[in-house]
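A.B. asks: Using only what follows, build the 3D model:
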Amino acid sequence: MSRLNTKEDYTKPADTVISEGFKIHAAQLTGTDSIRIDGFVQGNIDLDGYLQLSPTGHIDGDVRVSHALIAGRITGNIICRATVHMAATAVVTGDVITSTIIIDDGAVFFGKCQTRSDNGQYTDGAEVLL
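C.D. replies: Just a heads-up that it's a prediction; the model follows:
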């Protein structure tokens, strides 16, 4: 299991960046590429690509992505086709459906997690509080 503890972990190149200090109030953000969010987004996010939520980032809405590295705050449900990684600074309030979930020590997760196997079958949800 990888650990995330350096600034460069959150600054890998992204196709789109919402900088710290920016606030976006939108009904839906959609795209096919990766995005890094350092600011605030109110609304749902639907990406074919990778989401990086930095420690200063905050999403108030549901998220649907292929991969997610979460180091900031999400209030909403997450559906991820591959891996959700909650870094030590993450605070997630909402349910997660994913193939793989990694939760680092220090991350806070209030919700239920449901994982699916390679054949697309889902496991029973379990409440998790870390």
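A.B. asks: quick one: low-confidence ranges for the chain?
C.D. replies: 1-12, 117-130 (pLDDT under 70).
A.B. asks: same thing but at 80, please
C.D. replies: 1-13, 27, 116-130 (pLDDT under 80).
A.B. asks: for it, what spans make up the helices?
C.D. replies: The residue ranges that make up helices in the chain, judged by DSSP state H, are empty, as it has none.
A.B. asks: Let's see stretch 52-65 as CSV, backbone CA atoms only.
C.D. replies: Coordinates of each C-alpha in stretch 52-65 appear next as CSV, following Å, rounded to 0.1, in the frame of the first residue of the first chain:
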residue,chain,number,x,y,z
GLN,A,52,-6.8,14.7,-7.6
LEU,A,53,-8.2,16.5,-4.6
SER,A,54,-5.5,18.3,-2.8
PRO,A,55,-5.5,19.0,1.0
THR,A,56,-6.9,22.5,0.3
GLY,A,57,-9.6,21.1,-2.1
HIS,A,58,-13.3,20.7,-1.2
ILE,A,59,-16.1,19.1,-3.2
ASP,A,60,-19.7,19.5,-2.1
GLY,A,61,-21.4,17.0,-4.5
ASP,A,62,-21.3,13.5,-5.9
VAL,A,63,-18.2,12.3,-7.8
ARG,A,64,-18.0,9.7,-10.6
VAL,A,65,-14.4,9.1,-11.8
